[in-house]
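In: Next comes the sequence, and after it the predicted model I'd like to discuss.
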Amino acid sequence: MSLRRRLTIATGAALLALTVTGCSGLGRSMVGTLSYETGRELVVTVTSPSVKGCHRLAPSGATRVENNTLVDIQLYRTRDCKGEKPIYVATSMSNTIAPGSLPWRSYNVIH
């Protein structure tokens, strides 16, 4: 086998290994859509957001959330995913705020 062919095979194998490990590493996302209705009755749909970190919702907050992803989420009334009594929304479920309560302002992924 020639040196050029061996280098090509080795390079291809290295690229394949990087691709396979990259799929399960840093770039993980929620597969599906997360839709929410703002306090101004505007519907926002986010497709496959990252599973890492705290995600802010619209500045006016969300009054209804529909989780059509493959993971569960927690909703918070604060912009930084902190605070008491977060709301748990399982995959393929939705939730609406109670009349007179504050809107949700952020969410994070349960995993």
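Out: Perfect, thanks for sending it. Bear in mind the structure is a predicted one, so any value in this text is a computation, not a measurement.

In: what about Pro59, neighbour count?
Out: Neighbourhood size, Pro59 [other Cβ atoms under 10 Å]: 10. Using the backbone N, CA and C atoms, a C-beta is placed for each residue, glycine as well.

In: Over to the one 10 residues further on?
Out: Applying the criterion other Cβ under 10 Å, we find 22 residues in the vicinity of Thr69.

In: per-residue confidence for it?
Out: At Thr69, the pLDDT value in this model is 93.

In: Am I right that it is in contact with Val31?
Out: Yes. Between Thr69 and Val31 there is a contact under Cβ atoms under 8 Å: 6.1 Å.

In: Touching both of those two, which residues are there?
Out: Common contacts of Thr69 and Val31 (Cβ atoms under 8 Å, 6 or more residues apart in numbering): Ser48.

In: and Asn68, which of the three is it?
Out: strand (DSSP: H, G, I helix; E, B strand; the rest coil).

In: how much space between it and Met93?
Out: In this structure, Asn68 and Met93 are 9 Å apart, going by Cβ to Cβ, to the nearest Å.

In: now the residue most central in space within the chain, nearest residue through space, not along the chain?
Out: Central residue of the chain (Cα atoms, centre = their mean): Pro49, 3.5 Å from the mean position. Nearest non-adjacent residue to Pro49, counting by Cβ to Cβ, 6 or more residues apart in numbering: Met30, 5.5 Å away.

In: Check Asn67 too.
Out: Nearest residue to Asn67 in three dimensions, chain neighbours excluded: Val89, at 4.7 Å (Cβ to Cβ, 6+ apart).

In: looking at it, that neighbour is touching Asn95, isn't it?
Out: Yes. Using Cβ under 8 Å, Val89 is in contact with Asn95, at 5.0 Å.

In: where do the contact lists of these two overlap?
Out: Counting by Cβ under 8 Å, 6+ apart, the residues touching both Val89 and Asn95 are Val65, Leu75.

In: more neighbours, Asn68 and Met93?
Out: Shown here are Asn68 and Met93; by other Cβ under 10 Å, Asn68 has more neighbours (16 against 13).

In: Can you get me a residue count around the residue nearest to Asn67?
Out: Val89 has 21 neighbours, counted by other Cβ under 10 Å.

In: Alright, calling it a day.
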